[in-house]
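Asks: A structural model of the following input is requested.
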Amino acid sequence: MDSLGSLSGKIVHEFKNILSGIYGFSSVLLSKIEDEKLKDHLKRILEITERAKSLAEKLLIFSRREEVKEAQNINLNKYLLQFSEFIKTLIGSEIIVNLEIPEREIFYKIDESHMEVILMNLFTNAKDAMPEGGKITVGLKEVCLDMEYSYSHPLVKPGKYVVLCMTDTGIGMDERTKERIFEPFFTTKPKGKGTGLGLATVYGLVKNYEGHIHVYSEVGRGTTFKIYLPQQYQSNLPIDKESLKGNEKILIVDDDPQIRQYLISLLKEFGYKVYEAKEGKEAIEIYRKNPHEIDLCLLDLVMPGLGGLEVMRQIKNINPEAKIIIMSGYPLDFKDTVSVEKSCLPEEILLKIRTQFI
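Replies: Residues are numbered from 1 along each chain as shown. Below you'll find the predicted structure:
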């Protein structure tokens, strides 16, 4: 399963490089032309590219590298109340939905479409496990997991978590089935009645948020899913495009010419001066000759020869104070440097660059 996820992730990585180039250059053209017919054509290109990106995101779920583009602080109390009313019309009157939601409002920063996918799949599986009707109980709470819990669950980091719990009174599962339920394409349903992708998708999305999912079940006694999502405190600040302009000098290093030229065009449009390199050794040589001229290095993570992390290390040897941003088609979370995803919107990329000079 890990090999399958890795393979799909690598394929989508290359695919998204192409899409980023198409989307980026089309966006630049759209902002420059005035002919309405041409604008319509460009808008169609952008719409088609968005559809292709949506397909890529579905593949990334399985590689557990899907991007979180539309994350916002959602009031989970209100969201679950609204979703439960909606789901009742789909699962039928023979199934009772019971909510156990605290009075204290709980917020979580998540892509709302991801939360919808998680809940829809869990509700669908619970419904299928109760062909003669029953009860689904949905709970929500916040917990703090300490070091003792982490010792008994080595993959879980200590900290504050939002816990979403769903219990059904259905047929339950034996141990052998329970061990396989998150495998892609595994299903206990008759042929043609299920794809086996529902819980695999839930698992991928939960892992994408660095969360954990536990399942408890006994034959004839129902099933409980508990999803632990690490609490985040991030704000959604509006982006003022005028504040993204600058005149600093930036070294761009990327082996993909489309991405490289797109970034060069974008940065020059906002007033920046640009050095460019198509591979790691060339980048190090350029920096060695201009250590006091280059204000920021924008490095691709994966390149033939020297990758972005090794280039960063050698640049830091030349100048320990050098400012570095690592970029990739994968979501990144390096503790010792700033990272940016290539599929970010232009304003988001510029915002990360601009914050390096504030």
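
Asks: The nearest residue to Gly170 once chain neighbours are set aside: what's it in contact with?
Replies: Closest residue in space to Gly170, ignoring its immediate chain neighbours: Ala129 at 2.9 Å, by C-beta to C-beta, 6 or more residues apart in numbering. C-beta: built from backbone N, CA, C; applies to glycine. Counting by C-beta atoms under 8 Å, 6 or more residues apart in numbering, Ala129 touches Asp168, Gly170, Ile171, Gly172, Gly222, Thr223.

Asks: can you do 6 Å?
Replies: For Ala129, the contact set (C-beta atoms under 6 Å, 6 or more residues apart in numbering) comprises Asp168, Gly170, Ile171.

Asks: Please name the bridge partners of the first one.
Replies: Each beta-bridge partner of Asp168 is listed here: Ile136, Thr223, as defined by DSSP bridges.

Asks: ok, now how distant is it from Glu175?
Replies: Distance, Asp168 to Glu175, using C-beta to C-beta, to the nearest Å: 18 Å.

Asks: Counting neighbours, go ahead and name the busier of the two.
Replies: More neighbours surround Asp168 than the other of Asp168 and Glu175, with 24 against 9 (other C-beta atoms under 10 Å).

Asks: now that one: how far from Leu251?
Replies: Applying C-beta to C-beta to Asp168 and Leu251 gives a distance of 56 Å.

Asks: burial measure for His292, as a count.
Replies: So His292, with other C-beta under 10 Å, has 7 neighbours.

Asks: With Ile91 instead?
Replies: Neighbours around Ile91, by other C-beta under 10 Å: 18.

Asks: Number the chain from 25, please
Replies: OK, 25 is where the count begins now, so the last one is Ile115.

Asks: Now it. Nearest residue, chain neighbours left out?
Replies: Computed as C-beta to C-beta, 6+ apart, the closest residue to Ile115 that is not its neighbour in sequence is Lys151, at 4.6 Å.

Asks: mind checking which helix or strand that neighbour is in?
Replies: Using DSSP states H and E, Lys151 maps to helix 136-152.

Asks: same question, Phe249
Replies: If you go by DSSP H and E, Phe249 is part of strand 247-254.

Asks: tell me what that strand is packed against?
Replies: Contacts defined by 3 or more C-beta pairs under 6 Å, 6 or more residues apart in numbering; DSSP states H and E place strand 247-254 against strand 183-192, strand 236-241.

Asks: give me the low-pLDDT residue ranges for the stretch 275-382 of the chain?
Replies: Where the stretch 275-382 of the chain drops to pLDDT under 70, the residues are 353-361, 366-369, 382.

Asks: hey, where'd the helices end up in it?
Replies: Counting by DSSP state H, counting those that start in this stretch, the stretch 275-382 of the chain has helices at residues 281-293, 304-313, 332-342, 370-379.

Asks: will you turn these into TSV that also has distance to Tyr252 and mean neighbour count?
Replies: Supplementary listing: these in TSV, determined by distance: least, C-beta to C-beta, whole Å; neighbours: other C-beta atoms under 10 Å:
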stretch	distance to Tyr252	mean neighbour count
helix 281-293	36	18
helix 304-313	39	17
helix 332-342	30	18
helix 370-379	28	18
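
Asks: So for Gln96, which of those sits nearest?
Replies: Nearest to Gln96 among these is helix 370-379 (14.0 Å), distances taken as C-beta to C-beta.

Asks: For the closest one, enumerate the helices and strands it packs against.
Replies: Partner elements for helix 370-379 (3+ C-beta pairs under 6 Å, 6+ apart): none found.

Asks: What angle do helix 281-293 and it make with each other?
Replies: Per axes from the mean of the first three to the mean of the last three C-alpha atoms, to 10 degrees, the angle that helix 370-379 makes with helix 281-293 is 60 degrees.

Asks: Count the residues that sit near the closest residue to Lys297 other than its chain neighbours.
Replies: Using C-beta to C-beta, 6+ apart and skipping residues adjacent in sequence, the residue nearest Lys297 is Lys273, 4.3 Å away. Per other C-beta under 10 Å, the neighbour tally for Lys273 reads 16.

Asks: next one: Met144
Replies: With other C-beta under 10 Å as criterion, Met144 counts 17.

Asks: how about the strand holding Phe249: buried residues?
Replies: Applying a neighbour-count criterion of 16 or more other C-beta atoms under 10 Å, one finds Thr247, Thr248, Phe249, Ile251, Tyr252, Leu253, Pro254 buried in strand 247-254.

Asks: buried sites along stretch 119-138?
Replies: Buried residues in stretch 119-138, counted by 16+ other C-beta under 10 Å: Ile119, Val121, Ile125, Ile130, Phe131, Tyr132, Lys133, Ile134, Asp135, His138.

Asks: I'd like those residues laid out as TSV, including secondary structure and pLDDT.
Replies: TSV is the format used below for the buried residues of stretch 119-138 (DSSP: H, G, I helix; E, B strand; the rest coil; pLDDT from 0 to 100):
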residue	secondary structure	pLDDT
Ile119	strand	92
Val121	strand	92
Ile125	coil	90
Ile130	coil	90
Phe131	strand	89
Tyr132	strand	90
Lys133	strand	88
Ile134	strand	89
Asp135	strand	85
His138	helix	87
